[in-house]
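1. the following block contains a protein sequence and its predicted model.
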Amino acid sequence: MSMAAENSEEWRAAERALGCEFASFRRVHAGKNSVNYRAETPEGRLYLVKFARPYRAERVLARLGAISSPLIPPLALCGRTGTFGRFVICALEWCKDGANIPPHVLTSAQIAAIAEGYRELSRAFSAVEPRLLEAPEEAVEAAKRCGAALRPIHGDFHYKNFFLDGDRFCACFDVECMRLGMPAEDLLRIFAHELDRTRFWCFRRIGRIYRNLSEMVRLSGIPKAEWLEAVALHVGHKEKRRMEKGRAHFVAKIDNFLRGPYSRRLRLAVEVA
């Protein structure tokens, strides 16, 4: 839910950093390492204003310096702001040209557009030097098992981090989580991220997500062996987090979700594609 930020320190700091005045300034997302605001100037120009911790801002700039793609809105570091020790990073927000579409309502044409858009993003990501990116050990081993080459991937490619305009992929955001991995990991996340947040009794929605995942597997051109390794990485990561947090923090529903039909149905969606 959007929250007003009338006359807040963030609003004033963003105006100073960007050298303009805003008519409105509303928080749209808060995470562990960054806070995003939607700002509009009196002339109607829209911005996504991100306040990020310094190390996160530096990572973004180092990676984006090599990327050139019309699908990634231009970002600019505007400097340290206020006493809260964050940097302002701003991006033109393309909300007039697109929207976030949840994976359970995607059409075949939209899935094809995402697959094609991601191929273009992959070409842009390939310009980033591998030394700037992390390569998780488990991803290295998974790539070896299926004969895939590690390459720069988005790292957080869920449906709220890209825009669709009808059947057109028009923008991608939040690339600060870029790392080395397999493209199937990114595309799987679109569907797995939403499955993780869908209530277990929403059978129709869950069924549509699995069906659309199968469609993405068919349209992506990525070998099924790589998709299956991506599924194993995703399930293994969730199991590791479960163990780190301790069993007391999880109910039986989540245990069953991880150990039973969740992972089996993800693999099945890949295999039947």
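-> Cool, the structure landed. Numbering: from 1, shown residues only.
2. can you give me the strands for the stretch 51-200 of the chain?
-> Here the stretch 51-200 of the chain has its strands, by DSSP state E, counting those that start in this stretch, at 75-81, 86-92, 151-153, 162-165, 168-172, 179-181.
3. hey, least reliable of those by pLDDT?
-> Among these, strand 75-81 has the lowest mean pLDDT, at a mean of 58.
4. wait, Ser24 touches Pro42, no?
-> No: taking contacts as C-beta atoms under 8 Å, Ser24 lies outside contact range of Pro42: 9.5 Å. For every residue, glycine as well, the C-beta is placed using N, CA and C.
5. give me the more crowded residue out of these two.
-> Between Ser24 and Pro42, counted using other C-beta atoms under 10 Å, the more crowded position is Ser24 (15 against 10).
6. confidence score at the residue nearest to that one when sequence neighbours are not counted?
-> Distance criterion C-beta to C-beta, 6 or more residues apart in numbering; nearest residue to Ser24, sequence neighbours excluded, is Glu40 at 4.8 Å. Looking at Glu40, its pLDDT is 88.
7. shouldn't Glu40 be in contact with Ala23?
-> Yes: with contact defined as C-beta under 8 Å, Glu40 reaches Ala23; the gap is 5.4 Å.
8. of those two, who's got more company?
-> Glu40 (15 against 11).
9. contacts only, for the residue nearest to Ser24.
-> By C-beta atoms under 8 Å, 6 or more residues apart in numbering, Glu40 lies in contact with Phe22, Ala23, Ser24, Leu46, Tyr47.
10. the nearest residue to Val60 once chain neighbours are set aside: neighbour count?
-> Excluding the flanking residues, the one nearest Val60 by C-beta to C-beta, 6+ apart is Glu176, at 4.5 Å. Applying other C-beta under 10 Å, we find 23 residues neighbouring Glu176.
11. please tell me how far Glu176 sits from Arg267.
-> Noted for Glu176: a distance of 30 Å to Arg267, by C-beta to C-beta, to the nearest Å.
12. after the helix-or-strand element of the chain with minimal mean pLDDT comes which helix or strand?
-> Sorting the helices and strands of the chain by mean pLDDT, DSSP states H and E puts helix 252-259 at the bottom, at a mean of 52. Sequence-wise, the next helix or strand downstream of helix 252-259 (DSSP states H and E) is helix 261-271.
13. one step back: please narrow the contacts of Glu40 to those residing in helices.
-> Per DSSP state H, helices hold no members of the contacts of Glu40.
14. between those, which is closest to Cys202?
-> Relative to Cys202, the closest of those is Leu46; by C-beta to C-beta it sits at 32.7 Å.
15. from Ser24, how far out is the closest one?
-> Going from Leu46 to Ser24 by C-beta to C-beta gives 10 Å.
16. now distance to Arg131 too, for the contacts of Glu40, in a markdown table please.
-> Below are those laid out as a markdown table (distance: C-beta to C-beta, whole Å):
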| residue | distance to Arg131 |
| --- | --- |
| Phe22 | 38 |
| Ala23 | 43 |
| Ser24 | 41 |
| Leu46 | 35 |
| Tyr47 | 32 |
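17. of these, which is the nearest to Thr198?
-> Out of the contacts of Glu40, the member with the shortest distance to Thr198 (by C-beta to C-beta) is Leu46, at 30.1 Å.
18. quickly list what the closest one is bridged to.
-> According to DSSP bridges, the residues that bridge with Leu46 are Glu40.
19. so it touches Val28, yeah?
-> No: with contact defined as C-beta under 8 Å, Leu46 does not reach Val28; the gap is 11.6 Å.
20. could you pull out the helices for the chain?
-> 9-18, 54-64, 108-125, 137-146, 183-195, 203-220, 224-245, 252-259, 261-271.
21. show me what the fifth one is packed up against.
-> This means helix 183-195. For helix 183-195, the packing partners by 3 or more C-beta pairs under 8 Å, 6 or more residues apart in numbering; DSSP states H and E come out as helix 108-125, strand 151-153, helix 203-220, helix 224-245, helix 261-271.
22. separation between the residue nearest to Pro136 when sequence neighbours are not counted and Arg197?
-> Sequence neighbours aside, Arg179 is the residue nearest to Pro136 in space, at 6.9 Å (criterion: C-beta to C-beta, 6+ apart). Per C-beta to C-beta, Arg179 is found 22 Å from Arg197.
23. just give me the lowest mean pLDDT stretch among the helices and strands packed on helix 183-195.
-> Out of the helices and strands packed on helix 183-195, helix 224-245 stands lowest, with a mean of 84 (criterion: mean pLDDT).
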